[in-house]
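Undergrad: Sequence first, predicted coordinates after that:
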Amino acid sequence: MPAFHAAIIRWYRRNARDLPWRRRSDPYSVLVSETMLQQTQVARVIPKFEKFLAAFPTIASLACAPLADVLRMWSGLGYNSRAKRLHETARTVLRDFNGQVPHAIDDLRTLPGVGRYTAGAVASFAYGADEAAVDVNVGRVLSRALLGKDRITGSAIWELAARVVPRGRASMWNHALMDVGALFCRPNPDCAGCPARRNCVFSTSGKPERKTGARRGRALSAKAPFLGSRRYYRGRVVRALTCAPRLSLLALGEQVKEDFAATDVAWLRDLLAELERDGLVALDANRAHVRLPTDARQS
Ligand code: SF4
């Protein structure tokens, strides 16, 4: 195990990705970046992260902002429910934790939208706690390198990850594993360039083979279902409303769906009802006009 740690940490010291959120280690910034990185690629988060923090520089400023402003600033990242939960988290921290993001895992996990991974990331990156943070990439690296398996999941991977966190260096370790996972230990691993190759069970047992054709197929098939999906249209509704304070159903429908017709009104009403339940839009009393909610507490 020391050789595995040493190889990865040595490589990371020289080759760490220069990501804007790694230049900040205050708990609020970590919370923002980790929430943005849930389900969104690094390249899309980079330009939004600094802008978001410029608009809401403190957790108090985020908590006091109207949800509509938060959703406008979030536009382009997708999965708008995350913005709403982050906003709720800011308010919870202000109300229940005296404005300080908690450091204990159990407290972190009481916050809206903060799961095991995000709690581990905040505890290790912001507070230096010896906590694991297992995302898909980290899970794959540890499963392959230490067990020779393509990917183990659930409590097994968390127990394994917790066992191998080097004491006092969890922040660097978690970042390093994420970089190894993102740059080398992808579904089709690039073992030849990987710093862990000499200490990796998967690699030394000769299992990895590049399957570029299969990879391309997966990438295409992963993207195809999104276009035209319910999630796709949910995102388009919120994005349209970030540019207009209030829209009629017809105007909104024409913006979110090509060839929007009278027969699509029931579909749009159903979509809006779902978004309204999630607190992401608000309909007027006559349900003929829609806008972003002005305040999460009213939604
Ligand atoms: S050597 Fe290969 S399988 Fe092992 S961690 Fe590196 S990329 Fe992954």
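TA: Structure received.

Undergrad: before we move on, which element is residue 253 in?
TA: Assigned by DSSP states H and E, residue 253 belongs to helix 249-256.

Undergrad: Likewise for residue 265?
TA: helix 265-277.

Undergrad: quick one: contacts of the helix ranked longest in the chain?
TA: Longest among the helix segments of the chain by residue count, using DSSP state H, is helix 81-96. Under the criterion C-beta atoms under 8 Å, 6 or more residues apart in numbering, residues 31-32, 35-36, 38-39, 59-60, 62-63, 65, 67, 70-71, 73-74, 77, 99-102, 110-114, 278-280, 296-297 lie in contact with helix 81-96. C-beta: built from backbone N, CA, C; applies to glycine.

Undergrad: Can you spell out which helices and strands pack onto the helix holding residue 265?
TA: If you count contacts as 3 or more C-beta pairs under 8 Å, 6 or more residues apart in numbering; DSSP states H and E, helix 265-277 packs onto helix 230-242, helix 249-256, strand 282-283.

Undergrad: Is it correct that residue 186 falls within a helix?
TA: No - per DSSP: H, G, I helix; E, B strand; the rest coil, residue 186 lies outside any helix segment and is coil.

Undergrad: how near is it to the ligand?
TA: Residue 186 sits 8 Å away from the ligand, going by C-beta to the nearest ligand atom, to the nearest Å.

Undergrad: Give me the neighbour count for that residue.
TA: Look at residue 186: counted by other C-beta atoms under 10 Å, it has 13 neighbours.

Undergrad: how far away is it from residue 140?
TA: To residue 140, residue 186 is 8 Å away according to C-beta to C-beta, to the nearest Å.

Undergrad: which residues are common contacts for those two?
TA: By C-beta under 8 Å, 6+ apart, no residue touches both residue 186 and residue 140.

Undergrad: follow-up on the earlier one: of all the residues in the helix holding residue 253, which ones are buried?
TA: 249, 252-256 (16 or more other C-beta atoms under 10 Å).

Undergrad: circling back: got the angle between the longest helix of the chain and helix 265-277?
TA: 30 degrees (axes from the mean of the first three to the mean of the last three C-alpha atoms, to 10 degrees).

Undergrad: pLDDT of helix 81-96, averaged?
TA: The predicted model gives helix 81-96 an average pLDDT of 96.

Undergrad: cool, and stretch 160-171?
TA: Stretch 160-171 comes out at a mean pLDDT of 95.

Undergrad: What are the buried residues along it?
TA: 160-161, 165-166, 170-171.

Undergrad: ok, now which ones touch the closest residue to residue 128 other than its chain neighbours?
TA: Spatial nearest neighbour of residue 128, chain neighbours left out: residue 171 (5.8 Å); criterion: C-beta to C-beta, 6 or more residues apart in numbering. By C-beta under 8 Å, 6+ apart, the residues touching residue 171 are 25, 124-125, 128.

Undergrad: Confirm residue 171 sits in a helix?
TA: Yes - per three-state DSSP, residue 171 lies within a helix segment.

Undergrad: where in the stretch 101-250 of the chain is pLDDT low?
TA: Scanning the stretch 101-250 of the chain for pLDDT under 70 picks out 208-225.

Undergrad: returning to what we had before: out of the helices and strands packed on helix 265-277, which gets nearest to the ligand?
TA: helix 230-242 (30.6 Å; C-beta to the nearest ligand atom).

Undergrad: sorry, back to before: does anything pack onto the helix holding residue 253? Which helices or strands?
TA: Identification of packing neighbours for helix 249-256 by 3+ C-beta pairs under 8 Å, 6+ apart yields helix 230-242, helix 265-277, strand 289-291.
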